[in-house]
Every structure is written in C-alpha cells, then in structure tokens.
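# Below are the sequence and a predicted model for it; my questions follow.
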Amino acid sequence: MDSIEYVQNRLKKLDRELSKFSILGENPLLMIESSFFVVDKTVEEIKDWVKGSGFQSEQEEIRFFKRYMTELLSRSYFFSELFLIESSKPLEENEKIFLFYQEKIEEIRRYFHRYAALNNYLVLGKTYLDRVYFLRASEAPLIYPDLVRHTLDSQFCTVYTLYFGRLKAMGRLMNFLLGKVGEVEKGIGKQKEEMNVASGLLWTGSKVELVELIYALKCTSVINHGSATVSDLASVLGTVFGKRLRGFYKTFEEIRSRKSSKTLYLDKCKDRLDSFISGYEEKE
C-alpha cells in the first residue's frame, strides 16, 4: 500500500469515527474535545507511516502534503479552535453570545485578509509553486516571520502544509459560526417578541437618542452601582424597547463629533422636564 492509498483510507475511517460525535447536540464541549483527540490519534498514526515509508516520486509527495495532510490538519485546527471558542463564550443572554460570535467571525476575516495570497492559491487550485510549498526538502520562504519553521517536524510535513490546513479550518469554522449566529438571531427575535408583548413598550425615538441615554446611565453609575457595561445596557434596553442596537460605539463617536451640544437628547429631556414641573406647580 502506497502513502496516498494509506492516507485516503485513514481519512475515510476518521470521518466515520467523527460522525459518532455530534458537536451540535448535548454537551458539545465533550464532543468537540473527543473529536480532537480522535483526530490527534490519526495524526500520530500517519506521522509514523510517513517517517517509515517515504514516497515513490516528488509528485506523490506533493499530492500527499497538499491534498491529504492539509485535510487532516484542518480537522485538528478546527476542533482545537472551536473548543477554545465554545469554552470561552458568554453564558448570559443571546445578545452577548451574538456579539461574541460576531467578534470571532471578524477575527477569521482578518486572518483570511492576512493570508489572502495563500488562500487564493488554495481556492483557485493553482500548482505553479507546489514544489516550493509541498516538498519537504525545499527551502520554502515564509510569508511572515514566525516560529513555525523552528518548531516544525520536517519529516512529517512542510510549513505550507500547516498554513493551508489552517486556512481550510478557518473556512470551516467561519461556516460553523455563521450558522450559530443564525441560530442566536432566531433566539433573539423570539425573545424580543416575547419581551415586547410582555412590556408593551417600543422605543419610538431615534437610535442616537437611545444611545445617548445609555451612555448617560453608564456615566451616572445608577445601574448595578456602575458595574454594568455599555454593552450590558444596550442589550437590556434594546430588548425591552424592541430596538436592536448594533454599532452603538460608532454612534457614540458621532455624538462626540457634534459641533454644538454633545447631549442634544438629554438637553431636550431637561427642558421638557423643567417645563412639565413648572406647569404642574402652576396647577397646584
């Protein structure tokens, strides 16, 4: 059995084993961890095979490290990164989880931007640098200086096997997180509908007015003795008043850049309250 046939069989067996662990079911962290260790065991088995068998040609070596080892390592990266994400996500309400997932998605987008050239090479199926990227004996230049070359077991794979495996994992992780965001959004929508029905309250002012009020509550430390964050307040008030608040930090920057009063809404509140108090006193 040559190396290509061996790794093909091991990948098929691995996928059968991974299908036993549902990372979307109950206790997902346990399922993710178990999946990672199943992949890790397969990596060690293939690692021993590669060290003991070798390749019949350069083309076989390139094919092995470009196609099959990147697939294997992408699974390892995927479960490793997913475990870190799911074990550190907020345990509170859906709004915080939504913002957390959005932040992780943005991190992946930045990763793809950084390695755009390599990702294009992978996605477009280019081959002209295969001998540089996927032959272990080649002196492949690094795109960015890092410790990968120094910590790499060069008998087992190349620097670019790791890069391409991680790119594939990031693509899979992006799709997974987008799916989770969709689920959380549905939960937020349902939660808001229930909250709006229960409260009967709907914010009919502008978004910038609500943001101004939120920052005023934060600055005056009247919620949880000042420990509540702007994000906490935006999440709760947005839910109560049926107003999803995205980009409220940007809205605050717009408030800061005003030429006249920075607190237009609060000024209006003060004027209206003063007028109401004066009118009330006159009636007495």
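Now that the structure is in, tell me what you want to look at.

# In contact with L99: list those residues for me.
S231 (Cβ atoms under 8 Å, 6 or more residues apart in numbering). Every C-beta, even on glycine, is put in place using the N, C-alpha and C of the backbone.

# Please identify the helix or strand for it.
Element membership for L99 (DSSP states H and E) is helix 94-114.

# Buried residues of that helix, list them for me.
Judged by neighbour count using 16 or more other Cβ atoms under 10 Å, the buried positions of helix 94-114 are 94-101, 104-105, 108, 111.

# how is this structure carved up into domains?
3-193, 201-283 (automatic domain parsing).

# Of these, flag the one that's most buried.
The highest mean neighbour count among the domains of the chain, using mean count of other Cβ atoms under 10 Å, belongs to domain 3-193: a mean of 16.

# just checking, E58 touches R131?
Yes. Judged on Cβ atoms under 8 Å, E58 makes contact with R131 at a distance of 6.9 Å.

# sorry, back to before: kindly reformat the domains of the chain as JSON lines containing mean pLDDT.
Putting the domains of the chain into JSON lines (pLDDT from 0 to 100) gives the following:
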{"stretch": "domain 3-193", "mean pLDDT": "83"}
{"stretch": "domain 201-283", "mean pLDDT": "84"}
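
# what about the spatially most central residue of the chain, distance to V38?
In the chain, the residue lying closest to the centroid (Cα atoms, centre = their mean) is K104, at 2.3 Å. K104 sits 24 Å away from V38, taking Cβ to Cβ, to the nearest Å as the criterion.

# again with F55
Computed as Cβ to Cβ, the F55 to V38 distance reads 26 Å.

# any chance you could map the helices in the stretch 151-284 of the chain?
Under the criterion DSSP state H, counting those that start in this stretch, the stretch 151-284 of the chain contains helices at 159-199, 207-219, 230-240, 248-256, 264-283.

# I'd like the distance between the residue nearest to the centre of the chain and R114.
With Cβ to Cβ as the criterion, K104 and R114 are 16 Å apart.

# And V39, by the same measure?
25 Å.

# The residue nearest to F21 when sequence neighbours are not counted: what's it in contact with?
Spatial nearest neighbour of F21, excluding adjacent residues (Cβ to Cβ, 6 or more residues apart in numbering): M31 at 4.4 Å. By Cβ under 8 Å, 6+ apart, the residues touching M31 are 21-23, 25.

# tell me which of the residues you listed is nearest to R166?
I23 (19.0 Å; Cβ to Cβ).

# My read is that that closest one contacts S34, right?
No. Assessed by Cβ under 8 Å, I23 is found out of contact with S34, at 9.3 Å.

# Setting aside sequence neighbours, what's the nearest residue to I85?
Nearest residue to I85, sequence neighbours excluded (Cβ to Cβ, 6+ apart): K104, at 5.7 Å.

# Any figure for the gap between that neighbour and F83?
The separation that K104 has from F83, given Cβ to Cβ, amounts to 13 Å.

# before we move on, what about G242?
Going from G242 to F83 by Cβ to Cβ gives 36 Å.

# again, but for S22
Noted for S22: a distance of 15 Å to F83, by Cβ to Cβ.

# same check, this time on M174
Counting by Cβ to Cβ, the gap from M174 to F83 is 16 Å.
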